[in-house]
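Colleague: Prediction below, plus the sequence it came from.
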Amino acid sequence: MTTEALPTWDLTDLYAAVDDPKIDSDMDASRQQASAFESRYKGTIACDELTAAHLLQALEAYEALLADEYRPQSFAQLHYSTDTADAARGALLQKTREFGSSVATHLVFFDLEIGQISPAVYDGVMADQCLAPYRHYLDHEREMAAHNLTESEERILVETSNSRGHAFARLATEVNSRTRFTIEIDGQAQEKNQSEILVLLYDADRDLRRKAATSVSAGLQANRHVCTYIYNTLLHEKHVLDRLRSYSQPEDSRHLANELNGAIVDTVSDVCAANYDVVARYYRLKGRILGIGDLFHYDRYAPLRGQESAIDFPQARQIVVDAFGAFHPELAATAERFFVNQWIDAAVGAGKRGGAYCAAITPDHHPYVFMNYIGKPRDVMTLAHELGHGIHDVLAADNHLLDYHPVLPMAETASTFSEMLVFDRLLGELTDDGEKLALVCNKVEDTFATVFRQVSMYRFEQQAHRARRDEGELTTERLSELWQQNMQAMFGDSLKLGDEHADWWLYIPHIVDVPFYVYAYAFGELLVMALYARYQQEGDGFVDRYFKLLSAGGSRSPAELVGELGFDIADHAFWQGGCDLIAERVVQAEALAASTGAV
Ligand SMILES: [Zn+2]
């Protein structure tokens, strides 16, 4: 594979460079704007004299302010991610974060006052059609505002946030990123950081995988006290804040932010747990393919035999654009704009951070795609995934900024759907059954990671929050017991996690950073499975409704958006349909394994 053709992005339509004087002058202007906004509107929203015209003017000023604030922040974030070792970029990032907090303190009043408008006044102003585009946003803000405290209390929480929960979450990140893991390779002891040691779990050499797993456990062992203390503190803080804000269940605040009814999330979680046997069935197959009778947790990511062909970037571009074009020419044309206009950074560089993302800025500025392209079939899927996000953002650009971003459970719709299109394309292009088997198994394992693993973690979190509330401070052993029970349930008897795995919750960032974030992944993936099945049945008849769904951005709740496509997300059968498709893939893997003689 040739790497010289890998594109880098052009950020000059944001700022010329890290030392562009316009960054500072824009930040100064934003600070002044925020302060002027506060003086102009504070005390004028939650009052009986409120008019529709005044509220509209405030909302438009608020959006303009946010848009201006995002510009330097986005540039700093994007620029930093392509070279995290460059001190100037790191310093700019920190500067824009502090700028963000200083702007935020001027804006605290606005959400609060929206929540404090009396129902009679609110109904009166909302009868005016000029506010119709903001109804969804305002209704949702008011629902959340029912849990607000007084302004002075909220201000204290904002100003102390970096010395409470955020401080502990940051400590967890720092502890984990500073942990060094020792492993002996070829007779030599080596020190690895977390990502270097975890990548060894994907190695073909079982002995190396086992040693890496032992090393992870030993490294985490040293963090047991501090990470358990951090997690207990966060569980306790959430309990206290939930009580003050009148949330009766630990999950309630997340469900409300996600615009989802808790009963629906319970349905997703229960349906997934009832389908854990699909996971077990796959790992029994994997054990047979690998020729390992007793799979342990360090065999989960073992690669299958068979070579993966390298795919160079121009070829990847072709595959993705062709797959999108087969769905609809507009999808292909929108994707092409990302390549032609240099909105993609796919190069692999020394200081570049890992992973991939798509950054949406504002409705009137295009999104950017970030990734590290090394030419594996999986990278083609990643390219499709991130372009899917980008297309979602482009299509949603007719919404105003406050409705631009899809709510979390809907945020992965276009990305996952795009991956499906490209997966089918790639599979169709492969001629060798061994390569097909490897691709299908990769897809199955990715899907498990997104659906069943996230649901297992969600169920762990639910029990951990309740245990802290009922039992007081929890020991590492108690948390590890809950972790192990919930994670093992997924594998049944197909794979033994083993005692060594019991403490591995200690480094999971999501449970620390955003409680209950994880279920949105499972929700999104299964939703797309159902949509894709509908597309396969209906063909072109589905295309318009799909575009409509994406164009809606975050302007409606998940239940409304999916309802418009003719689905009921409260229905058990809807989610079972998604799980059935995963099971079909496992059956496909079994058939390919049999035909290639891999088992
Ligand atoms: Zn994504």
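Modeller: Arrived safely. Just so it is clear, the model here is predicted, and its values are computed rather than measured.
Colleague: Enumerate every residue touching Cys441.
Modeller: Contacts for Cys441 (CB atoms under 8 Å, 6 or more residues apart in numbering) come out as 286, 289, 304, 589. For every residue, glycine as well, the C-beta is placed using N, CA and C.
Colleague: in the stretch 301-450 of the chain, which spans are strands?
Modeller: With DSSP state E, counting those that start in this stretch as the definition, the stretch 301-450 of the chain shows strands at residue ranges 344-345, 357-359, 368-370.
Colleague: Turn the contacts of Cys441 into CSV, columns for neighbour count.
Modeller: Output for these, formatted as CSV (neighbours: other CB atoms under 10 Å):
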residue, neighbour count
Lys286, 23
Ile289, 19
Leu304, 20
Ala589, 25
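Colleague: any idea which of the residues you listed is closest to Phe423?
Modeller: Nearest to Phe423 out of the contacts of Cys441 is Ala589 (CB to CB; 13.2 Å).
Colleague: Quick one: classify the closest one as helix, strand or coil.
Modeller: What DSSP: H, G, I helix; E, B strand; the rest coil gives for Ala589 is helix.
Colleague: isn't it right next to Leu439, touching?
Modeller: No: with contact defined as CB atoms under 8 Å, Ala589 does not count as touching Leu439 (9.8 Å).
Colleague: what sits against the residue positioned nearest the centre of the chain?
Modeller: Note on the chain: the residue nearest the mean C-alpha position is Tyr521, at 6.8 Å, using CA atoms, centre = their mean. By CB under 8 Å, 6+ apart, the contact list for Tyr521 reads 412, 450-451, 454.
Colleague: Check Gly563 too.
Modeller: Here Gly563 is in contact with Ile569 (criterion: CB under 8 Å, 6+ apart).
Colleague: cool, Phe567 as well?
Modeller: Phe567 neighbours (CB under 8 Å, 6+ apart): 530, 574.
Colleague: Can you get me a residue count around Ile374?
Modeller: By other CB atoms under 10 Å, the residues close to Ile374 number 13.
Colleague: Please tell me how far Leu421 sits from Ser246.
Modeller: For Leu421, the distance to Ser246 equals 44 Å [CB to CB, to the nearest Å].
Colleague: ranges for the strands of the stretch 101-250 of the chain?
Modeller: With DSSP E, counting those that start in this stretch as the criterion, the stretch 101-250 of the chain has strands at 181-185, 188-192.
Colleague: Point out the most buried one among these.
Modeller: A comparison of the strands of the stretch 101-250 of the chain by mean neighbour count, using mean count of other CB atoms under 10 Å, puts strand 181-185 on top with a mean of 16.
Colleague: Give me the helices and strands touching it, please.
Modeller: If contacts are counted by 3 or more CB pairs under 8 Å, 6 or more residues apart in numbering; DSSP states H and E, strand 181-185 sits against strand 188-192, helix 194-199, helix 206-221.
Colleague: Give the pairing partners of the shortest one; include direction for each.
Modeller: The strands beside strand 188-192 in its sheet (DSSP bridges) come out as strand 181-185 (antiparallel).
Colleague: Show me what the partner strand is in contact with.
Modeller: Residues outside strand 181-185 that contact it (CB under 8 Å, 6+ apart): 189-194, 196-197, 200, 208, 211-212, 215-216, 218-219.
Colleague: The same query, at a cut-off of 7 Å, please.
Modeller: Strand 181-185 has contacts (CB atoms under 7 Å, 6 or more residues apart in numbering) with 189-192, 197, 211-212, 215-216, 219.
Colleague: cool, stretch 471-482 as well?
Modeller: Against stretch 471-482 from outside (CB under 7 Å, 6+ apart): 224, 228, 231-232, 460, 463-464, 467-468, 502-503, 505.
Colleague: Would you mind measuring from Tyr202 to Ala212?
Modeller: Tyr202 is 9 Å from Ala212, by CB to CB.
Colleague: more crowded one of these two?
Modeller: Ala212 (24 against 12).
Colleague: who touches the more buried one in this structure?
Modeller: Counting by CB under 7 Å, 6+ apart, Ala212 makes contact with 183, 197, 200-201, 298.
Colleague: how many other residues sit next to Asp424?
Modeller: Neighbourhood size, Asp424 [other CB under 10 Å]: 14.
Colleague: Excluding chain neighbours, give the residue nearest to it in space.
Modeller: Spatial nearest neighbour of Asp424, excluding adjacent residues (CB to CB, 6 or more residues apart in numbering): Ala323 at 7.4 Å.
Colleague: and if you look at Ser418?
Modeller: Excluding the flanking residues, the one nearest Ser418 by CB to CB, 6+ apart is Gly388, at 3.1 Å.
Colleague: cool, Gly577 as well?
Modeller: What sits nearest to Gly577 in space, not counting adjacent residues and going by CB to CB, 6+ apart, is Ala530, at 5.2 Å.
Colleague: Give the burial count for Glu159, as a bare number.
Modeller: Counted with other CB under 10 Å, residues neighbouring Glu159 total 13.
Colleague: make that Leu50, sorry
Modeller: Leu50, neighbours per other CB under 10 Å, totals 19.
Colleague: any idea which of the contacts of Cys441 is closest to Asp83?
Modeller: Closest approach between the contacts of Cys441 and Asp83, by CB to CB: Leu304, at 35.1 Å.
Colleague: I figured the closest one was touching Gly287, is that so?
Modeller: No: when contacts are counted by CB atoms under 7 Å, Leu304 is not listed as touching Gly287 (11.5 Å).
Colleague: Quickly find the element holding the residue nearest to Gly577.
Modeller: Per DSSP states H and E, Ala530 falls inside helix 519-538.
Colleague: in the following helix or strand past that helix, what's buried?
Modeller: The element immediately downstream of helix 519-538 (helix or strand, assigned by DSSP H and E) is helix 540-551. Judged by neighbour count (16 or more other CB atoms under 10 Å), helix 540-551 contains these buried residues: 542, 546, 549-550.
Colleague: can you list contacts of helix 540-551?
Modeller: By CB under 7 Å, 6+ apart, helix 540-551 touches 327-328, 392, 395-396, 398, 414, 534-535, 561, 565.
Colleague: Between its first and last residues, how far does stretch 109-126 reach?
Modeller: Chord length of stretch 109-126, first to last residue, is 20 Å (CA to CA, to the nearest Å).
Colleague: For that stretch, what does the pLDDT average out to?
Modeller: Averaging pLDDT along stretch 109-126 yields 96.
Colleague: pull the CA atoms of stretch 458-466 into CSV?
Modeller: Written as CSV, here are the backbone C-alpha positions of stretch 458-466 (Å, rounded to 0.1, in the frame of the first residue of the first chain):
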residue,chain,number,x,y,z
TYR,A,458,-24.9,-0.4,31.5
ARG,A,459,-26.3,-3.2,33.7
PHE,A,460,-23.1,-3.1,35.8
GLU,A,461,-23.5,0.7,36.3
GLN,A,462,-27.1,0.3,37.3
GLN,A,463,-26.2,-2.1,40.0
ALA,A,464,-23.1,-0.1,41.1
HIS,A,465,-25.1,3.1,41.6
ARG,A,466,-27.8,1.2,43.5
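Colleague: Could you find the closest non-adjacent residue to Ala316?
Modeller: Val380 (4.6 Å).
Colleague: From Ala533, how far out is that neighbour?
Modeller: According to CB to CB, Val380 and Ala533 sit 23 Å apart.
Colleague: With neighbour numbers in mind, choose between these two.
Modeller: Val380 (24 against 16).
Colleague: ok, now how distant is the more buried one from Tyr298?
Modeller: As for Val380, its distance to Tyr298 is 28 Å (criterion: CB to CB).
Colleague: what about Val528, neighbour count?
Modeller: For Val528, the neighbour count with other CB under 10 Å is 24.
Colleague: Tell me which helix or strand Arg466 sits in.
Modeller: Element membership for Arg466, per DSSP H and E: helix 452-471.
Colleague: Going by neighbour count, list what's buried in that helix.
Modeller: Going by neighbour count (16+ other CB under 10 Å), the buried part of helix 452-471 is 452-465, 467-468.
Colleague: ok, now stretch 277-286?
Modeller: In terms of neighbour count (16+ other CB under 10 Å), stretch 277-286 has its buried residues at 278-279, 281-286.
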